[in-house]
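[1] Pasting the sequence and the predicted model now:
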Amino acid sequence: MEKNYGKIQMNLKNKLIPFIAVLFIFPQFFISNAYAYIDPGTGSAIIQMLIGTLVGLGIALKVYWHRIRMKFSNFSEKSDKE
């Protein structure tokens, strides 16, 4: 009986999480217009975020480049041996 309860609880959790996610995400598509003004400072902040993201991705690629290259080179060597 106790094992069955665990399966029921897990099944309920697996169905409840997507339902809650849809419940919070779906209403975002029906937001009314805000008629807000985007000033140059906001545009500048958006550009800074984009540049920061690109620089961060570049640094992450530089730091992990050897691992990435070795992973793909090992993958190609394994496929050549088979």
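    Noted; the coordinates are in hand.
[2] Do a quick rundown of the helices in the chain.
    Counting by DSSP state H, the chain has helices at residues 2-25, 40-81.
[3] ok, now which ones touch residue 59?
    By Cβ atoms under 8 Å, 6 or more residues apart in numbering, the contact set of residue 59 is empty. Placement of C-beta: from N, CA and C, glycine included.
[4] any idea how far residue 71 is from it?
    The gap separating residue 59 from residue 71 is 19 Å, by Cβ to Cβ, to the nearest Å.
[5] what's the answer for residue 25, then?
    34 Å.
[6] How much space separates residue 22 from residue 12?
    As judged by Cβ to Cβ, residue 22 and residue 12 stand 16 Å apart.
[7] ok, now residue 21?
    With Cβ to Cβ as the criterion, residue 21 and residue 12 are 15 Å apart.
[8] repeat for residue 24
    Distance from residue 24 to residue 12, by Cβ to Cβ: 19 Å.
[9] quick check: domain ranges of the chain?
    1-31, 40-82 (automatic domain parsing).
[10] Dump these to a markdown table, plus mean pLDDT.
    Below are the domains of the chain laid out as a markdown table (pLDDT from 0 to 100):
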| stretch | mean pLDDT |
| --- | --- |
| domain 1-31 | 74 |
| domain 40-82 | 85 |
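[11] For residue 34, find the nearest of the helices of the chain.
    helix 40-81 (13.0 Å; Cβ to Cβ).
[12] From the chain's centre, how far out is that closest one? Work that out for me.
    Distance, stretch centre to chain centre, for helix 40-81: 15 Å (Cα atoms, centre = their mean, to the nearest Å).
[13] what does stretch 33-41 give?
    Worked out by Cα atoms, centre = their mean, stretch 33-41 lies 27 Å from the chain centre.
[14] Now do the end-to-end distance for it.
    Terminal residues of stretch 33-41 lie 21 Å apart, using Cα to Cα, to the nearest Å.
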